[in-house]
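1. with the input below, show me the fold.
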Amino acid sequence: MKRRDFMVKSALGAGALTVIPAHVMAGRGHLAPGDRITLGYMGVGKQSLGLLASINGCPETLVLAACDVDREKLARFRKEAERANSEKLGGGSQPVATYENYREMLERKDIDAVVIASPDHWHAMMAVDAARAGKDIYCEKPMALTVAEGRAMVNATRKYDRILQTGNMQRSWRNFRHACEMVSNGYIGQVKEINVSVGDPVMACELQAEPVPGTLNWDLWVGPSLFRNYNQELAPPIEYDGWPLWRLYRDFGGGYITDWGAHMFDIAQWALGMDRSGPVEFIPPEKNATRGLQMKYAGGTVMNHIDWGEFNAVQFIGSEGIIEISRDFYRSDIEGLTESVLGPNDKSLYHSNNHYQDWIDAIKSRTLPVSDVETGHRTASLCNIINIAYTLQRPLKWAPSHERFIDDADADALLSRPFRGKWDLNG
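-> Presented below is the predicted three-dimensional model:
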């Protein structure tokens, strides 16, 4: 279905409504406090179930629809979403309509916002289409597969006046916010070095072809990426309870550099006040190494992708002390620092205690959430450039304001990727 076709249609889609959103009567984008915010989910694999539980905790939300290319996973999600709706409505019921093609779901005028939990290679296309359709967006991290796709998501979000929250939920956790406030307010002195421990860069996909399950539309799963044959590591059956490994392979994910790096490099960026910028130089290690990349910021701070002794963690080294932070610990060699209170002249960072309610509140107030689209783009861009540096294995100079490499056409060529067939971010 072409975009110009689905945008002019007005079909309501399957499923009767029990709640009429305020915008149907008052105009989209003008939701009064307490009104329902109706949702459609795009991609309903393992991650979507956690998101459903978290977002269902926001009292304003109600799920109306979901889409996926795997019929079994879609049926499972529908059951869970209808159960969540029933609990939300105090014993009532709200049916959840299901779709294979997300563009059909976007035709529905009764859906206020969408939750994108698809594999990374779909994020940009889905988000741009959703913005054009007038939907607010929650997009899982890493926000985009390439720098160009991230910028397209920012442009569409701004053009259509949408709210987009990126799934970098550590920004809504107290310890991560406090650590960044300590760093940004100089409590460890001048930041000399940052060490980020996450896994390997992206790698080529050399998986063997396997028969496509009858419940899966594999061509639509591949979507805008260059076609490759099915392998269950990319899209495992519903019986598999682990994380699918599409995230490791080029054209579908960005390796653990983007998968966990989108969390940990995001914290480094936040602490340095770089939510609208990034490093200016990338220096890879010796040939074929998967650790050791060095990044330099214009102010002189150096950031390293290395295993410094802890996994999925960040170490800030300042002239007067050290802060180390992960999901499992928060510590400093400065006594009492981790429990200290900001002074009256200190700058506090955006305070969110619930990443999902923060998104809903931003939709209602039409203000930027804690991990706005531009912030998510800059974090994803940093991760994507790290992958480019590991791929090319030579030093790169980067201009954050122009989002281009300096005098390096070969590196610039890797800032985007070709889209397949009918899929096109430009319409």
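2. for the helix or strand harbouring residue 148, what is the distance to the chain centroid?
-> Assigned by DSSP states H and E, residue 148 falls within helix 147-159. Taking Cα atoms, centre = their mean, to the nearest Å, one finds helix 147-159 lying 13 Å from the centre of the chain it belongs to.
3. other residues contacting the helix or strand that comes right after it?
-> Where DSSP H and E defines the elements, the next helix or strand beyond helix 147-159 is strand 164-166. Outside strand 164-166, the residues within contact range by Cβ atoms under 8 Å, 6 or more residues apart in numbering are 127, 131, 136-141, 143, 153, 157, 355, 358-359, 362, 369-373, 375-376, 379. C-beta here means a position set from N, CA and C on the backbone, and glycine is covered the same way.
4. if we can go back for a sec, and the contacts of the helix holding residue 148?
-> By Cβ under 8 Å, 6+ apart, helix 147-159 touches 123-124, 127-128, 131-132, 137, 139, 143-144, 162-164, 373-374, 376-377, 380-381, 384-385, 403, 415-417, 425.
5. one more time with 7 Å
-> Around helix 147-159, the neighbours that count as contacts under Cβ atoms under 7 Å, 6 or more residues apart in numbering are 124, 127-128, 131-132, 143-144, 164, 373-374, 377, 380-381, 384, 403, 415-416, 425.
6. cool, and stretch 258-265?
-> Residues from elsewhere that reach stretch 258-265, judged by Cβ under 7 Å, 6+ apart: 141-142, 168, 170, 196, 198-199, 247, 253, 312-314, 379-380, 382-384, 386.
7. surely residue 397 is within a strand?
-> Yes. Checked against DSSP: H, G, I helix; E, B strand; the rest coil, residue 397 lies within a strand.
8. just give me the neighbour total for it.
-> The number of residues packed near residue 397 is 16, by other Cβ atoms under 10 Å.
9. gap between it and residue 385?
-> Separation of residue 397 from residue 385 (Cβ to Cβ, to the nearest Å): 11 Å.
10. over to residue 294?
-> Using Cβ to Cβ, one obtains 13 Å as the distance from residue 294 to residue 385.
11. quick one, longest helix in this protein?
-> Identified as the longest helix of the chain according to DSSP state H is helix 373-392.
12. now that one and helix 147-159, what's the angle there?
-> Counting by axes from the mean of the first three to the mean of the last three Cα atoms, to 10 degrees, helix 373-392 points 170 degrees away from the direction of helix 147-159.
13. helices of the chain, start to end?
-> Listed in chain order (using DSSP H), the helices of the chain are 3-6, 22-26, 46-56, 71-88, 102-106, 123-132, 147-159, 174-184, 218-222, 255-259, 261-272, 355-365, 373-392, 409-412.
14. nearest to residue 238, out of those helices?
-> Closest approach to residue 238 among these (Cβ to Cβ): helix 71-88, 4.5 Å.
15. residue with max distance from the center of the protein?
-> Farthest-out residue of the chain from its mean C-alpha position, per Cα atoms, centre = their mean: residue 335, at 35.0 Å.
16. so how far is residue 321 from that one?
-> Distance check for residue 335 against residue 321: by Cβ to Cβ, it reads 10 Å.
17. about what we covered before: need the buried ones from the contacts of stretch 258-265 selected in PyMOL.
-> With 16 or more other Cβ atoms under 10 Å as the burial test, the buried ones among these are selected in PyMOL as follows:
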select buried, resi 141+142+168+170+196+198+199+247+253+312+313+314+379+380+382+383+384+386
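18. next up, the contacts around residue 216.
-> Residue 216 makes contacts with 69, 70, 235, as judged by Cβ under 7 Å, 6+ apart.
19. from residue 200, how far out is the last one?
-> I take that to be residue 235. For residue 235 relative to residue 200 (Cβ to Cβ), the value is 21 Å.
20. and those two? Which one has more around it.
-> Neighbours were tallied for residue 235 and for residue 200 using other Cβ under 10 Å; the higher tally belongs to residue 235 (23 against 13).
21. so that one makes contact with residue 244?
-> Yes. Between residue 235 and residue 244 a contact is recorded at 6.3 Å, counting by Cβ atoms under 7 Å.
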